[in-house]
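S.K.: requesting a structural model of the entry that follows:
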Amino acid sequence: MAIEQVTAYDEVYDFLLRSPTPEQVIAFRPSEATQMRVRALLDTNKTQGLSETETAELDEFLKLEHFMRMLKIRARQRLAE
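M.R.: Reported below is the predicted structural model:
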């Protein structure tokens, strides 16, 4: 039986499907597993360099982080209205 790996995108999709409030958007944090993976990629990048696959994975994390930062900015704006 194969174990299904949850990706950072899966975490965000599942979170957004719950129709979070602006406060919940602001409070959102990636899972510990996702945070550990990003740290590992960043550490490897500094010490050894990344493979093409790892570089693509890190790029996806960075895109997703940018998306979430923008979403949090919008949530803060909504709360300020």
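S.K.: check which helices and strands the helix ranked longest in the chain sits against.
M.R.: Looking across the chain with DSSP state H, the single longest helix is helix 52-80. Here helix 52-80 touches helix 8-17, helix 22-27, helix 32-47, going by 3 or more CB pairs under 8 Å, 6 or more residues apart in numbering; DSSP states H and E. C-beta: built from backbone N, CA, C; applies to glycine.
S.K.: Throw these into JSON lines and include distance to residue 56 and mean pLDDT, thanks.
M.R.: JSON lines is the format used below for the helices and strands packed on helix 52-80 (distance: least, CB to CB, whole Å; pLDDT from 0 to 100):
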{"stretch": "helix 8-17", "distance to residue 56": "13", "mean pLDDT": "93"}
{"stretch": "helix 22-27", "distance to residue 56": "27", "mean pLDDT": "97"}
{"stretch": "helix 32-47", "distance to residue 56": "11", "mean pLDDT": "97"}
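S.K.: circling back: buried residues of the longest helix of the chain, list them for me.
M.R.: Judged by neighbour count (16 or more other CB atoms under 10 Å), helix 52-80 contains these buried residues: 57, 58, 61, 64, 68, 71, 75.
S.K.: thank you kindly, that will do.
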